[in-house]
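>>> Here is a sequence together with a model predicted from it:
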Amino acid sequence: MSPSAHLDLLAALGYAVFEQSTDGSFHSLGDAPEWLPAGSLMEAFPFLEVFLPDAEAFWADPARDHSTLPSDFWTQTDARGNNLHFCAIAVAGEQKLLLIERTRLRFEQTQAFVQYAHQTKLAHDEIARLGRELQRATEAKSEFLARMSHEIRTPMNALLGVAELLSETPLNAEQGEYVRIFRRAGDNLLNVINDILDFSKIEAGQVELEYIAFDLADVVQEAIEIIGVRARAKGLCLNSDIRPEVPPRLMGDPGRLRQILLNLLSNAVKFTDRGGITVRVKPDADQPAPCTLHFTVRDTGVGIPFDRVSTIFDSFTQADASTTRKYGGTGLGLAISKRFVELMGGRIWAESTPGDGSTIHFTARFSVAETTTALEARAPKATAPAALANRALRILLADDSEDNRFLVRGYLRDTGCVIDEVTNGAEVVEKFKGGAYDMVLMDAEMPVMDGYSATRAMRALESERTGPPTPILALTAHALKEARDRSIEAGCTDHLTKPITKTALLEAVHRYAPEHPNAGRIHVAVESWLKPVIPAYLEKRRGDVAKLRFALDQGDYATIRTLGHQMAGSGAGYGFAEITEIGGTLEESALAGDAARIRDGVDALDRYLNNIVTE
């Protein structure tokens, strides 16, 4: 195509074409469009002063990878006051061509695209902002729940625990009734707290199902026994019917299954004043998957209105607005059960006739587990208190709450356990350094050093020793999954949640106590006439350990010599020849100013005192 043909084509397309001369000026090529203002190019389009330096660099660059360079759009007003939109295009080649385009449609399209991009970015930024706010709100909610759980459970532990201990003491009928009311109210409050926490964990997607072997009949019977007290108080019959074709041992989450049954049974007892309640289990005929079971809980209670049946599994919902006032409850039990059932691969629904009772159905999927052997079935199971008796477990209890320490002492009172108490994490680490303990009960929230940091420090100390690790049981009011994970990550053997019952604590101590707790203990035979004064003597020597360490830090050898001399003269007289020997070593070392030998002697005394068992 000839140059003139090119110019004709550009003119037909609405471009004004200019060529730059060697002196830098521009002259028009071809016919000028009617919209082109009069005067020179620079006078007609002042915006070009901004664009031309870029165009000059473009024309001069031999490495350019494209043949045109467009400018930004600009707008200027004509003689009639109309806004006109233009764009300049530098064209590479033998000639330095500059095209001027008057554009309306392309400008509007570009502006629309820019506006769309701007709005999209704003929307993206808003979504990102809302996401950040939601994340902060979720974190704040989790932190609030964790804090409130801890603050409520800590005093609840003391209240329910003391009520349990009080119920074991001789009480007259009136006092016994007061204690029963006390315990029932506390249990109801704890159930409300647990419901709210369970629902929050479900909403946050923090619930994970266990997959362990269990006996189905045991789970059903445990749920019936727990609810049985309330049912019998109302004169109701509780029955269960597990069909023979249901496998006796299953693989799944027995804890969540028990919780579902407890929620449904509790609900049934609440709304039933006569008759009874029956739990039935059979294979689910509608499901081809193996070991999918169909559970029903049938009651003879007040029933549910037809228009409310479909809503009873909604959160914070009860069948009638007056239900909460009459029967109590949060309206969360059935909602929580529904979520657990869904996690188990099943569904839940209700059938009811007002005045004639209700039936709650749910299905759940399990696997078949190996059957317990006859030998295992016949094996007697010792109760935790009996198993702990006379084992003389030495337990280190770390808790800054005097009420909770009192409660643990009360729970373990008749087990023969010896308990050392400290009130912060730093003290528990210091005690652990020189003592031989069979178990540590560790609170999480303590001053000076928290339980997690203390546990890590104790595990680090154990890495320098030989022998199995000491069981460290977190005993804390933090009940959320994150707290359990944090305890295990810190090195705790297990995580126990307050409020804790006496039975639960004894079973945990029994489960994790070493088989031979007296290994490493020093047995000392003491004359019977001395036994009444021995505890005070040994306690005074334990106090001397702290005095010796302080004196050594201060370089006070005179005090060390005096304390060593006293022990050397008294130990053997009470039956503790080792104390006499250590005391003599400390006295000699103080005279010689031998700090290293003194430190070894103090450590030896501490270990000896922590391992003494008098007979």
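Noted; the coordinates are in hand. Numbers count the residues shown, from 1 in each chain.
>>> Which segments of this structure make up each domain?
As assigned by automatic domain parsing, the chain contains the domains 3-103, 212-378, 394-520, 522-614.
>>> Return the distance of the second one from the chain's centre.
Taking Cα atoms, centre = their mean, to the nearest Å, one finds domain 212-378 lying 27 Å from the centre of the chain it belongs to.
>>> Let's have the domains of the chain in CSV, adding distance to residue 153 and mean pLDDT.
Glycine gets a C-beta too; all of them are placed from N, C-alpha and C. Shown next, in CSV, are these (distance: least, Cβ to Cβ, whole Å; pLDDT from 0 to 100):
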stretch, distance to residue 153, mean pLDDT
domain 3-103, 66, 82
domain 212-378, 17, 81
domain 394-520, 4, 86
domain 522-614, 32, 86
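>>> so which of those domains is the most packed in?
With neighbours taken as mean count of other Cβ atoms under 10 Å, those reach their highest mean count in domain 394-520, at a mean of 19.
>>> Off-centre distance for that one?
The answer for domain 394-520 is 20 Å, by Cα atoms, centre = their mean.
>>> what does stretch 140-158 give?
Worked out by Cα atoms, centre = their mean, stretch 140-158 lies 12 Å from the chain centre.
>>> Please save the CA atoms from it in CSV.
The C-alpha atoms that make up stretch 140-158 are tabulated as CSV, following Å, rounded to 0.1, in the frame of the first residue of the first chain:
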residue,chain,number,x,y,z
ALA,A,140,-12.3,-12.3,70.2
LYS,A,141,-15.3,-14.7,70.6
SER,A,142,-12.9,-17.7,71.1
GLU,A,143,-10.8,-15.7,73.6
PHE,A,144,-14.0,-14.6,75.4
LEU,A,145,-15.4,-18.1,75.6
ALA,A,146,-12.0,-19.5,76.8
ARG,A,147,-11.7,-16.8,79.5
MET,A,148,-15.3,-17.1,80.6
SER,A,149,-15.1,-20.8,80.7
HIS,A,150,-12.0,-20.6,82.9
GLU,A,151,-13.5,-17.9,85.2
ILE,A,152,-16.7,-19.8,85.7
ARG,A,153,-15.3,-23.3,85.9
THR,A,154,-12.7,-22.4,88.5
PRO,A,155,-15.2,-21.5,91.3
MET,A,156,-17.6,-24.2,90.0
ASN,A,157,-14.8,-26.8,90.7
ALA,A,158,-14.7,-25.8,94.3
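>>> what does that stretch contact?
Residues outside stretch 140-158 that contact it (Cβ atoms under 8 Å, 6 or more residues apart in numbering) are 186, 189-190, 193, 196-197, 200, 204, 401, 403-404, 406-407, 445, 476-480, 482-483, 497-500.
>>> how about 7 Å then?
186, 190, 193, 197, 200, 204, 401, 403-404, 407, 445, 477-480, 483, 498-500 (Cβ atoms under 7 Å, 6 or more residues apart in numbering).
>>> one step back: would you mind giving the domains of the chain as a markdown table with distance to residue 172 added?
Listed next are the domains of the chain as a markdown table, based on distance: least, Cβ to Cβ, whole Å:
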| stretch | distance to residue 172 |
| --- | --- |
| domain 3-103 | 95 |
| domain 212-378 | 20 |
| domain 394-520 | 21 |
| domain 522-614 | 35 |
